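Participant: show me how the following folds:
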Amino acid sequence: MIIKILGASAGGGFPQWNCNCKNCANVRAGKPGFTARTQSSLAISADGKAWVLLNTSPDLRQQINDNPELGARAEDGHRNTPIKAAILTNGDVDHVVGLVNLREAQPLKVYGSSRVLDTLADNSIFNVLNLDNVERRELTMDTPTEIEGVDGSTGITIEAFDVPGKVALYLEKKDAGPSFGTQKGDTIGLKISSSAGKTFFYVPGCAEIDPPLAARIKGAALIFFDGTLYTNEEMLKQGLMPKTGERMGHMSMSGPDGSIAAFSDLDVARRVYVHINNSNPVLDENSEARKAVEAAGWDVGYDGMEINL
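Facilitator: Okay, here's the model as predicted:
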């Protein structure tokens with residue numbers, strides 16, 4: 001199974017269009033040790049021919065152009081795509097807006113929880129993906145689902161599961177539960193398996209690793225995990241946003257309640273951070289935060305990173 005990071009940044013990308021924080025200023029200036037990233041998405045394939053997107057970022061058109069294996073093939077006529085399906089882990093803007101790039105009457109399938117599919121249905125702009133061509137399929141939690149394209153199986157099976165998180169920001173006033181906490185289907189993780197029996201996990205948004213999630217991922221070969229913030233209050237302290245990571249539904253990397261500590265006894269062989277916010281000091285390859293993350297056995301994801309299982 002081929003796994004490619006199309007975009008490793010959180011919403012807004014790196015650099016963010018309206019941000020002049022230290023990290024964004026340095027990457028714009030081309031300072032060594034700072035690498036630009038597009039917004040959060042993965043692409044996976046069991047055979048290198050049929051591809052499945054895990055989330056669809058606003059930068060998807062650029063990501064397709066940057067990865068020729070995702071583009072139209074000369075031998076398959078004027079209009080074609082190797083992208084057979086897209087799977088959405090939540091309704092966040094940085095994970096669903098890219099769907100509009102997949103218009104132009106191209107058949108494919110979109111999978112998500114009932115909560116996320118209802119959000120698409122409520123917003124008429126997503127009707128640009130004509131339902132006659134783009135079928136929306138609900139994922140049943142904790143049940144393996146074979147992912148299909150319009151021309152048959154992709155060789156990929158997904159098992160979706162609820163994780164602690166938060167409803168998308170733009171839905172808070174309408175749909176949020178008590179204290180903006182999780183309702184079932186707001187945030188999901190994915191266990192992805194290939195027809196060859198290889199398996200990995202994808203959890204790009206997570207508020208905490210609770211006992212059920214810890215039990216599920218223990219001993220995994222590979223996980224791509226929420227790397228939004230290094231510390232809970234970093235955006236507050238940098239004057240970027242009046243919210244903590246906890247308020248946004250993201251656990252931090254560091255600290256006793258962070259993901260580094262939570263994974264310390266889970267025996268996950270390889271751990272890769274994705275969905276990394278522009279405020280995060282790990283984006284400075286020479287920072288103490290970056291050294292600490294790598295010393296703990298984590299990779300910091302980047303656009304174009306490829307792993308073969």
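
Participant: can you confirm His78 is in a helix?
Facilitator: No. Assigned with DSSP: H, G, I helix; E, B strand; the rest coil, His78 falls outside any helix and is coil.

Participant: can you give me the buried ones in the longest strand along the chain?
Facilitator: Looking across the chain with DSSP state E, the single longest strand is strand 152-162. Within strand 152-162, the residues scored as buried using 16 or more other CB atoms under 10 Å are Thr154, Gly155, Ile156, Thr157, Ile158, Glu159, Ala160, Phe161, Asp162. Every C-beta, even on glycine, is put in place using the N, C-alpha and C of the backbone.

Participant: name the nearest residue to the second one, sequence neighbours excluded.
Facilitator: What sits nearest to Gly155 in space, not counting adjacent residues and going by CB to CB, 6 or more residues apart in numbering, is Ala46, at 3.1 Å.

Participant: please apply the same query to the fifth one.
Facilitator: Distances taken as CB to CB, 6+ apart place Thr145 nearest to Ile158, at 5.1 Å, with adjacent residues excluded.

Participant: and the one you found, that's in a helix?
Facilitator: No. Read with three-state DSSP, Thr145 is strand and lies in no helix.

Participant: if we can go back for a sec, give the partner strands of the longest strand of the chain in its sheet and their orientations.
Facilitator: Strand pairing for strand 152-162, using DSSP bridges, gives strand 144-149 (antiparallel), strand 188-194 (antiparallel).

Participant: for Leu131, which of these is the nearest?
Facilitator: strand 144-149 (16.1 Å; CB to CB).

Participant: what's in contact with that closest one?
Facilitator: With contact meaning CB atoms under 8 Å, 6 or more residues apart in numbering, strand 144-149 is reached by 50, 52, 84-85, 87, 108-109, 111, 137, 139, 153-154, 156-160, 193.

Participant: quick revisit: what about the residue nearest to Gly155, how many neighbours?
Facilitator: Residue neighbour count, defined by other CB atoms under 10 Å, stands at 23 for Ala46.

Participant: and what of Ser279?
Facilitator: Number of residues near Ser279 (other CB under 10 Å) recorded here: 27.

Participant: any idea how far Glu306 is from the closest residue to Ile307 other than its chain neighbours?
Facilitator: Sequence neighbours aside, Ile3 is the residue nearest to Ile307 in space, at 4.7 Å (criterion: CB to CB, 6+ apart). For Ile3, the distance to Glu306 equals 7 Å [CB to CB, to the nearest Å].

Participant: likewise Ile276?
Facilitator: Plainly put, Ile276 is 18 Å away from Glu306 if you go by CB to CB.

Participant: compare those two and say which is more crowded by neighbours.
Facilitator: Shown here are Ile276 and Glu306; by other CB under 10 Å, Ile276 has more neighbours (25 against 10).
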